[in-house]
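*Asks:* Got a sequence here, can you model it:
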Amino acid sequence: MKRREFSLSAASAVAASALALPVATPALAQARQFKEGKDYRKLDKPVAPEAPAGKVDVIEFFWYACPHCNAFEPTLEAWIKSAPKDLAIRRVPVAFNASFVPLQKLYFTLEGMGKVADLHAKVFRAIHVEKAKLAKDDEIMAWIATQGVDVAKFKEIYNSFTVSNQVRRASQLQDAYGVEGVPSMGVAGRFYTDGTMAGSMPVVLQVVEQLVGVARKG
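*Replies:* Sure, this is the predicted structure:
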């Protein structure tokens, strides 16, 4: 979803195409060499990677209310499970305006509570399948209360200085990578790619694999 298409009404009009993403195959990855300026972009100013030494930083930029992100999530999750051990893969929720911040805080709170594995996919389902409204703080609290989570603890972390800092850092990363739409990917603090550039999100993962190879070489 592009920055200018972030409203849910605009998103629903393009959701169908996102659900019909082709499946990536190793053969395709080997047969195609992706090109700078077409399939990916090299950052003018590199971002300091946050991955541990010896690992390659890989970021997915996403927004819970984006139908493309929802469609991509199962593919991404499968890829993460089979990815090489030297990749430090993380998700960064974006904010194209202030209305996005509650969903950023939701993700970082789940992360802080160790609940991403349990509830990340359920947030997508709640918004896109169950049509739950999770755009505001009170809506998020009400939904969390139905998920077997300690609401008081969740609220404490949600409103914490730590989460505020994570939201600020996410916006800095979004700007540093020049994120124009989601889902999109950043690699090693040096490269950016998205579905518009690569053609589809499964192909984006092939691009990421090529860029990881470049990053490994230094």
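*Asks:* All the helices of the chain, residue numbers only.
*Replies:* 8-18, 26-31, 67-82, 101-112, 116-128, 137-144, 151-158, 161-177, 195-198, 201-216 (DSSP state H).
*Asks:* Rebuild those helices as a markdown table, extending it with distance to V94, mean pLDDT and mean neighbour count.
*Replies:* (C-beta placed from N, C-alpha, C; glycine too.) Shown next, in a markdown table, are the helices of the chain (distance: least, Cβ to Cβ, whole Å; pLDDT from 0 to 100; neighbours: other Cβ atoms under 10 Å):
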| stretch | distance to V94 | mean pLDDT | mean neighbour count |
| --- | --- | --- | --- |
| helix 8-18 | 14 | 36 | 13 |
| helix 26-31 | 26 | 46 | 11 |
| helix 67-82 | 10 | 96 | 18 |
| helix 101-112 | 8 | 98 | 22 |
| helix 116-128 | 15 | 98 | 17 |
| helix 137-144 | 17 | 98 | 17 |
| helix 151-158 | 18 | 98 | 15 |
| helix 161-177 | 5 | 97 | 16 |
| helix 195-198 | 15 | 95 | 19 |
| helix 201-216 | 15 | 95 | 21 |
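*Asks:* Which among those helices is found nearest to G54?
*Replies:* Closest approach to G54 among those is made by helix 201-216 (9.9 Å; Cβ to Cβ).
*Asks:* by contact count, what packs against the closest one?
*Replies:* Judged by 3 or more Cβ pairs under 8 Å, 6 or more residues apart in numbering; DSSP states H and E, the packing partners of helix 201-216 are helix 26-31, strand 56-62, helix 67-82, strand 184-187, strand 191-194, helix 195-198.
*Asks:* hmm, back to that, can you redo the helices of the chain as TSV with distance to I89?
*Replies:* Formatted as TSV, the helices of the chain follow (distance: least, Cβ to Cβ, whole Å):
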stretch	distance to I89
helix 8-18	21
helix 26-31	17
helix 67-82	5
helix 101-112	13
helix 116-128	12
helix 137-144	25
helix 151-158	23
helix 161-177	14
helix 195-198	18
helix 201-216	9
